[in-house]
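Colleague: The following block contains a protein sequence and its predicted model.
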Amino acid sequence: MEIKVNKEKCTGCKICVDVCPAGAIEIQNEKAYINEKCTLCKLCVSECPVNAIEVIGEEKKVSTLDLSKYKGIWFFAEQKKGKLSHVAYELLGISLKLARTLEEEVCGVYFGSKGEDAAKELFSRGADKVYVVEDTSLDEFRQDVYVCLMTELVKKYKPNIVLASATMIGRSFLPQTAARLKTGLTADCTDLAIDPETKLLQQIRPTYGGNLMAKIICENHRPQMATIRPKAVEEAKPVGNRNGTIVRDDFTSFNATCRVDLISKQEVEQTIDLQEAEIIVSGGRGLGDGKNFDMIRKLAKLIGGAVGSSRAAVDAGWIPYPHQVGQTGKTVKPKIYIACGISGAIQHLAGMSTSDYIIAINKDPNAPIFKVANLGIVGDIFEVIPKLIQKLESK
Ligand SMILES: Cc1cc2nc3c(=O)[nH]c(=O)nc-3n(C[C@H](O)[C@H](O)[C@H](O)COP(=O)(O)OP(=O)(O)OC[C@H]3O[C@@H](n4cnc5c(N)ncnc54)[C@H](O)[C@@H]3O)c2cc1C
């Protein structure tokens, strides 16, 4: 496939230059030229007012599956120690919204102990059916086992849509499940919708560092799969006593093997859940040493915040992974996010750039974090943070 400019039609209006997220279009002699940075996203094609940009050699793929056999909106009902997590209600909420246009049943998928209690809870908030695989060993997340169970359930019952939350668990096992099922998955969506004409799932998520919202569809493969960022959608509210159907599959029938043995567990100290926190103070490589996180902890404590970090700080062993914010860490949306010695790499911004108010402290005035910051302090964190602490302590 190739994207070309029809020079006879092109008026050199530059609209395509402005819409191209990859900076791949230049104007030369009052005509648009597409350079090698083009990612074939086709945005310019739809935006050109004189239809001068054409797609050449695009093959229309046709599905080899009987898509009509796939029915139902499934969501993975995550639990912690046998108790449903709030993200299960968020997924139920968005599934019910999709069902209004799609008119298919909304089904939870639950792995763990106390399956009946979980199912009743989901029915009382609007679920029609819950697929339960019950075993106490499933209360602990184990990647191989969860992938095996979800893959086999999908093969057996053929849902149209499968959703999970973009938590550590959902992000880990759902993409692997999608790969086994040879279908696509859009990670980290912020919203979902159903196209009223095609009835396809529109998987909506920010792209190009949050500058564009992409609507991704999966036309030819099933199920249509996505993970949704926690807190991005509303929880389903209780609707009173309702009955639903519980479909049980015996855990032993799956022959699920696991390459990882759980030897011991260690609770990581984090008094406030990052995704719940209203204030987050995050430290990055600029701290220079793990012991300097004490300064970050002190500041966070004084203002009632939680401690976050960049991946560089986690990789250096200065702070455990649950504190990591970003594409492969947590997505957060506090009222105030204070980035200390963090450059603002695109993968970090992916997890915090929608925070209500961002304060960045960095000694490099050109650090990309300043592009998203509401308040930028160009300075040395070892001078600025102690002064802040001193000021707060004196109040
Ligand atoms: C697939 C993939 C996924 C990733 N996922 C994530 C993710 O989830 N989260 C994440 O954070 N990263 C992630 N990364 C890594 C990301 O690309 C960056 O490498 C990382 O965010 C950099 O962390 P940093 O800003 O702490 O370090 P650096 O980029 O090294 O920045 C350190 C900053 O500190 C400043 N500084 C230094 N000393 C001081 C001082 N004394 N006072 C003030 N400022 C100072 C410097 O000017 C610099 O801007 C991912 C990368 C990949 C490839």
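Modeller: Received, thanks.
Colleague: what about the residue nearest to residue 351 when sequence neighbours are not counted, how many neighbours?
Modeller: Excluding its sequence neighbours, the residue lying closest to residue 351 (CB to CB, 6 or more residues apart in numbering) is residue 326, at 3.9 Å. From N, CA and C alone the C-beta is placed, and that goes for glycine too. Using other CB atoms under 10 Å, the number of residues around residue 326 comes to 23.
Colleague: Quick one: residues contacting residue 326.
Modeller: Residue 326 sits next to 310, 311, 345, 347, 348, 349, 350, 351, 352 when contact means CB atoms under 8 Å, 6 or more residues apart in numbering.
Colleague: Among the residues you listed, name the buried ones.
Modeller: Neighbour counting with 16 or more other CB atoms under 10 Å marks 310, 311, 345, 348, 349, 350, 351, 352 as buried within those.
Colleague: who's in contact with the second one?
Modeller: Under the criterion of CB under 8 Å, 6+ apart, the contact partners of residue 311 comprise 324, 326, 328, 329, 347, 348.
Colleague: near the ligand too, which of those residues?
Modeller: Among those, the ones lying near the ligand by CB under 6 Å from any ligand atom are 324, 326, 328, 329, 347, 348.
Colleague: out of these, which one sits closest to the ligand?
Modeller: Distance to the ligand across these (CB to the nearest ligand atom) is lowest for residue 326, with 2.2 Å.
Colleague: Give me the lowest-pLDDT entry from the contacts of residue 326.
Modeller: The lowest pLDDT within these belongs to residue 350, with 85.
Colleague: which one is that residue nearest to, not counting chain neighbours?
Modeller: residue 327 (4.3 Å).
Colleague: What residues does the stretch 251-395 of the chain have near the ligand?
Modeller: Within reach of the ligand by CB under 6 Å from any ligand atom, the stretch 251-395 of the chain has these residues: 284-286, 310-313, 324, 326-329, 341-343, 345, 347-348, 351, 361-364, 367, 380-382.
Colleague: same thing but at 5 Å, please
Modeller: Taking CB under 5 Å from any ligand atom as the contact definition, the stretch 251-395 of the chain meets the ligand at 284-286, 310-312, 326-329, 341-343, 345, 347-348, 362-364, 367, 380-381.
Colleague: Which ones among the residues you listed map onto strands?
Modeller: residue 362 (DSSP state E).
Colleague: Can you select the buried ones from the residues of the stretch 251-395 of the chain next to the ligand in ChimeraX?
Modeller: Of those, the buried ones can be selected in ChimeraX as follows, counting by 16+ other CB under 10 Å:
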select :284,285,286,310,311,312,326,327,329,341,342,343,345,348,362,367,381
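Colleague: Could you pull out the buried residues of the helix or strand bottoming out on mean pLDDT in the chain?
Modeller: Of the helices and strands making up the chain, the lowest-confidence element is strand 212-216, at a mean of 87, by mean pLDDT, DSSP states H and E. Neighbour counts using 16+ other CB under 10 Å place 214, 215, 216 of strand 212-216 among the buried residues.
Colleague: Next, the contact list for the closest residue to residue 380 other than its chain neighbours, please.
Modeller: Spatial nearest neighbour of residue 380, chain neighbours left out: residue 363 (5.3 Å); criterion: CB to CB, 6+ apart. Shown in contact with residue 363 (CB under 8 Å, 6+ apart): 286, 378, 379, 380, 381.
Colleague: likewise residue 339?
Modeller: Residue 339 is in contact with 282, 284, 348, 352, 358, 359, 360, 361, 362, 369, 373, counting by CB under 8 Å, 6+ apart.
Colleague: hang on, it is in a helix, isn't it?
Modeller: No: under DSSP: H, G, I helix; E, B strand; the rest coil, residue 339 sits outside any helix and is assigned strand.
Colleague: in the sheet, who's paired with it?
Modeller: Assessed by DSSP bridges, residue 339 has beta-bridge partners residue 282, residue 360.
Colleague: quick one: it from residue 259, how far?
Modeller: 37 Å (CB to CB, to the nearest Å).
Colleague: Extract the residue ranges of the stretch 201-350 of the chain that are flagged as low pLDDT.
Modeller: The model of the stretch 201-350 of the chain has pLDDT under 70 over residues 208-211, 268-272.
Colleague: Helices along that one, start to end?
Modeller: Per DSSP state H, counting those that start in this stretch, the stretch 201-350 of the chain carries helices over the ranges 293-302, 311-315, 346-352.
Colleague: and the ones you listed as TSV, adding distance to residue 126?
Modeller: Shown next, in TSV, are the helices of the stretch 201-350 of the chain (distance: least, CB to CB, whole Å):
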stretch	distance to residue 126
helix 293-302	38
helix 311-315	38
helix 346-352	30
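Colleague: Of those helices, which is nearest residue 207?
Modeller: Closest to residue 207 of the helices of the stretch 201-350 of the chain is helix 346-352 (CB to CB; 9.7 Å).
Colleague: Count the residues that sit near the residue nearest to residue 307 when sequence neighbours are not counted.
Modeller: Excluding its sequence neighbours, the residue lying closest to residue 307 (CB to CB, 6+ apart) is residue 300, at 5.0 Å. Neighbour count of residue 300, defined by other CB under 10 Å: 23.
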